[in-house]
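Chemist: output the structure for:
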Amino acid sequence: MREGRAGLRLDVRRRLRRTRHRPPRRPQPRPRGNQPGKFWADVCRHIDRPELADDPRFDTAEHLVANTAEAVKILREVLATRTLADWSRRFATLAGPWAPVQDSLQVGDDPQIRANEYLLRAGELELVSSPVQFDVQAPHLGPAPEFAAQTEEILLELGLDWDCIIALKAAGAVT
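Modeler: Below you'll find the model as predicted:
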């Protein structure tokens, strides 16, 4: 490498040129040891089938992938034995994430939707709140201003005086 700033710049450009045309690396799946997934054994305990955690068909990630159809069949059979309310109570202590698939009416009754204030009352209506909550609080919902309700206020803020505003109203330029 040459000495001085120009040499340093040249070396950096060469390095950039060398790395620029490499194809992006794809992440390789990492083996997880003997368990096929972080939460598999816990799920098996929660559905009262702890023996499935050590079942040779599901004891490694490769075996679980190879026997996915069978695992899904077993899970469907077990889940069909109880109501959603029963499973919701039972899975409340599940270490991994889970959630039921809900239709648009069920979502409105979801306790998390209510706790996070994703639905808010505006008069007689319930509306979906903004997905952005700046102060960790849902926005205050209120009616929009009536037509031209703020015209005078805005014109005053813009620096017009009352004589000018009255002249604009008389000319029909503003309401």
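
Chemist: going forward, measure contacts between C-alpha atoms and count neighbours the same way
Modeler: Fine.

Chemist: where in this protein is pLDDT low?
Modeler: By pLDDT under 70, the low-scoring segments of the chain are 1-36.

Chemist: could you look up the SS state of the residue sitting nearest the centre point of the chain?
Modeler: Note on the chain: the residue nearest the mean C-alpha position is Pro131, at 9.6 Å, using CA atoms, centre = their mean. What DSSP: H, G, I helix; E, B strand; the rest coil gives for Pro131 is coil.

Chemist: next up, the contacts around the closest residue to it other than its chain neighbours.
Modeler: Leaving aside its chain neighbours, Pro131 sits nearest to Tyr118 (7.5 Å; criterion: CA to CA, 6 or more residues apart in numbering). Tyr118 sits next to 128-131, 138 when contact means CA atoms under 8 Å, 6 or more residues apart in numbering.

Chemist: how close does Tyr118 get to Asp54?
Modeler: The gap separating Tyr118 from Asp54 is 41 Å, by CA to CA, to the nearest Å.

Chemist: which residues of this protein fall in helices?
Modeler: With DSSP state H as the criterion, the chain has helices at 4-20, 40-46, 61-66, 68-79, 84-90, 104-107, 111-115, 151-157, 162-171.

Chemist: please identify the deepest-packed of the ones you listed.
Modeler: A comparison of the helices of the chain by mean neighbour count, using mean count of other CA atoms under 10 Å, puts helix 40-46 on top with a mean of 17.

Chemist: from the chain's centre, how far out does it sit?
Modeler: Centre-to-centre, helix 40-46 and its host chain are 25 Å apart (CA atoms, centre = their mean, to the nearest Å).
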